[in-house]
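Novice: What shape does this take:
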Amino acid sequence: MVKYKMNEEALRNLVSTIIKPLISKPDVMTITLTESTTTVSCVVSVDATDLGKLIGYGGTTIHAIRELIFSAHLSAGKKVYIEIEALKK
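Specialist: I've put the predicted structure just below:
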């Protein structure tokens, strides 16, 4: 099996591609990545009005986003944690 190493830019683009169509204010979204030896933490900050859209009813939307990111990044050998937060004004 060929191991694909997803770099920081590719992960940032993937998260952005998935989340931007779901929110009403994509221009204020920020993505912060923190990488350790075994994990990558991805914090997506969005406008407070978009927070509910990303979480979804019972957390179904955020769960689906996490599954997509995890599946895409699985071959890189690191576990990805996605966290959504409201931007501070």
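Novice: average pLDDT for the strand or helix carrying Ser45?
Specialist: Using DSSP states H and E, the element containing Ser45 is strand 39-46. In this model, strand 39-46 has a mean pLDDT of 90.
Novice: where exactly do the strands run in this protein?
Specialist: Shown for the chain, the strands assigned by DSSP state E span residues 30-35, 39-46, 79-86.
Novice: Pull the residues that contact the last one.
Specialist: If I follow you right, that is strand 79-86. Strand 79-86 has contacts (Cβ atoms under 8 Å, 6 or more residues apart in numbering) with 11, 15, 38-48, 51, 54-55, 62, 65-66, 69-70, 73. Every C-beta, even on glycine, is put in place using the N, C-alpha and C of the backbone.
Novice: Is there a quick PyMOL command that grabs whichever of these are buried?
Specialist: Command for PyMOL that selects the buried part of the contacts of strand 79-86, burial taken from 16 or more other Cβ atoms under 10 Å:
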select buried, resi 11+15+40+42+44+45+46+47+51+54+62+65+66+69+73
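Novice: The helix or strand bottoming out on mean pLDDT in the chain vs strand 39-46, what angle?
Specialist: Lowest on mean pLDDT, DSSP states H and E among the helices and strands of the chain sits helix 60-73, with a mean of 86. Helix 60-73 and strand 39-46 are oriented at 140 degrees to each other (axes from the mean of the first three to the mean of the last three Cα atoms, to 10 degrees).
Novice: partner strands of the strand holding Ser45, parallel or antiparallel?
Specialist: In the sheet, strand 39-46 lines up against strand 30-35 (antiparallel), strand 79-86 (parallel) (DSSP bridges).
Novice: re the thing from before, of the strands of the chain, which is nearest Ser24?
Specialist: When the strands of the chain are compared for distance to Ser24 using Cβ to Cβ, the nearest one is strand 39-46, at 9.4 Å.
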